[in-house]
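> no sequence for this one, just the structure:
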């Protein structure tokens, strides 16, 4: 079914909508996907959790057309993590003032989305602080798929898998799969077009006319193959066919010999589109590999920074 939503589309609809309608929307989406026959996606969507008040506010900020302070969150987080990696205490102290100002602005942005209570503001503060300290937490916040607020103790990695609707890696893989499937479908369309342009199988026209010297009682049988297929009564009552009669029946044409060749323009068009598909698919694979390598590198850097910070803390104590 063409109108069945993909996993990505279902997640977007659920986490960009009204939390009060979450359960009803999820039920409708599961029914649509199950009807389309994709049981695995239906099961995944059926297990998606409704976001908390604070998480929903963050999702709305991340999903705005022009999020006012989310880009600033990314930029400041990058500077703070770089300073932390260098153990630059002076820069971290200076950036701390920027952090407080930015979080205050984000809290004000989130208030119209229902996060006006003291508890919600405290959860938002923890979430934005975590996003500034951890790349994984920043990615979770900017995904727009939070179900729970984040927290950050000051050291170590931020646990995000339980805080997002779907693990970020799985969501990225699903998106890449959807892109590849869509591109494959687009490439198939010109192939079907080329096939449909091929000439239909020619009608069989026996080259030889019925022999004139055949006995007259055979002539009705010789004419039969040129008519439409006989009904059951004709098949059961007619005489047994002779070899000459069988020779006059339509035979399967030699398709390769009868068909006209596909034009070079059509073939070239298909080749170019398949090349483009191959190129874009490879780009998606390369991007995924680069993202994984960058994530591993960042994780190693953060671990080292944490260890250095703990050593520094021990020496100060």
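Yes, it's here. These numbers come from a predicted model, not from an experiment.
> Which residue is the nearest non-sequential neighbour of residue 32?
residue 4 (5.2 Å; C-beta to C-beta, 6 or more residues apart in numbering). Just so you know, the C-beta spots here come from the backbone N, C-alpha and C atoms, and that holds for glycine as well.
> okay but that neighbour is in contact with residue 31, surely?
No - here residue 4 does not reach residue 31: they are 10.0 Å apart, not a contact under C-beta atoms under 8 Å.
> Mind checking which of those two has more residues around it?
Neighbours were counted for residue 4 and for residue 31 using other C-beta atoms under 10 Å; residue 4 has more, 18 against 13.
> Please give me every residue in contact with the more buried one.
32-33, 35-36, 38 (C-beta atoms under 8 Å, 6 or more residues apart in numbering).
> same question, residue 70
Residues in contact with residue 70 (C-beta under 8 Å, 6+ apart) are 61-62, 64, 141-142.
> swap the cut-off to 7 Å and go again
61-62, 142 (C-beta atoms under 7 Å, 6 or more residues apart in numbering).
> Can you give me the distance of it to residue 157?
22 Å (C-beta to C-beta, to the nearest Å).
> where do the helices sit along the stretch 51-200 of the chain?
53-63, 70-86, 89-110, 118-133, 135-143, 168-197 (DSSP state H, counting those that start in this stretch).
> In this protein, what helix or strand scores lowest on average pLDDT?
Least confident helix or strand of the chain, by mean pLDDT, DSSP states H and E, is helix 232-237 with a mean of 39.
> Which parts of this structure belong to which domain?
1-50, 51-165, 170-197+262-316 (automatic domain parsing).
> Just name the most buried of those domains.
domain 51-165 (a mean of 18; mean count of other C-beta atoms under 10 Å).
> tell me the mean pLDDT for that one?
Mean pLDDT, domain 51-165: 92.
> Just the terminal-to-terminal distance for it.
Terminal residues of domain 51-165 are spaced 8 Å apart (C-alpha to C-alpha, to the nearest Å).
> quick check, residue 3 in a strand?
No - secondary structure assignment (DSSP: H, G, I helix; E, B strand; the rest coil) places residue 3 in coil, not in a strand.
> Setting aside sequence neighbours, what's the nearest residue to it?
Nearest one to residue 3, counting by C-beta to C-beta, 6+ apart, is residue 32 at 7.4 Å.
> Same question for that neighbour, what's its three-state structure.
Classified using three-state DSSP, residue 32 is helix.
> right, and it touches residue 9 too?
No - counting by C-beta atoms under 7 Å, residue 32 stays clear of residue 9, with 10.4 Å between them.
> So for residue 28, what's the pLDDT?
96.
> got a pLDDT number for the residue nearest to residue 32?
Looking at residue 4, its pLDDT reads 82.
> Next: residue 267.
So residue 267 comes in at 70 (pLDDT).
> Which strand or helix spans it?
helix 264-316 (DSSP states H and E).
> hmm, back to that, Serialize the contacts of residue 4 to CSV and add fields for pLDDT and distance to residue 124.
What follows is the contacts of residue 4, written out as CSV (pLDDT from 0 to 100; distance: C-beta to C-beta, whole Å):
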residue, pLDDT, distance to residue 124
32, 96, 33
33, 96, 32
35, 94, 38
36, 92, 37
38, 92, 36
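> Look up how far residue 102 lies from residue 109.
Applying C-beta to C-beta to residue 109 and residue 102 gives a distance of 10 Å.
> Between those two, which contacts overlap?
Listed as contacting both residue 109 and residue 102 by C-beta under 7 Å, 6+ apart are residue 69.
> nearest residue to residue 117 other than its sequence neighbours?
residue 53 (7.7 Å).
> and the one you found, what does it touch?
With C-beta under 7 Å, 6+ apart, residue 53 has these contacts: 114-115, 120.
> same thing but at 8 Å, please
19, 114-115, 117, 120.
> Could you do residue 95 as well?
76, 79-80, 83.
> Residue 83 too?
91-92, 95.
> and if we set it to 10 Å?
By C-beta atoms under 10 Å, 6 or more residues apart in numbering, the residues touching residue 83 are 89-95, 305.
> Report the two of those residues separated the most.
Greatest spacing in the contacts of residue 83, by C-beta to C-beta: 94 and 305 (18.0 Å).
> how much space between residue 89 and residue 49?
From residue 89 to residue 49 the distance is 40 Å (C-beta to C-beta).
> There's contact between residue 124 and residue 58 in this structure, I believe.
Yes - Residue 124 lies in contact with residue 58 (C-beta atoms under 10 Å); the separation is 6.9 Å.
> Can you work out which residues contact both of those two?
106, 109-110, 115, 149-150.
> Tell me the one of those residues nearest residue 131?
residue 150 (7.0 Å).
> residues contacting the spatially closest residue to that closest one that is not a sequence neighbour?
For residue 150, ignoring the flanking residues on the chain, the nearest one in space by C-beta to C-beta, 6+ apart is residue 130 at 4.0 Å. By C-beta under 10 Å, 6+ apart, residue 130 lies in contact with 77, 136-138, 140-141, 149-153, 157-160, 163.
> I am finished for the moment; much appreciated.
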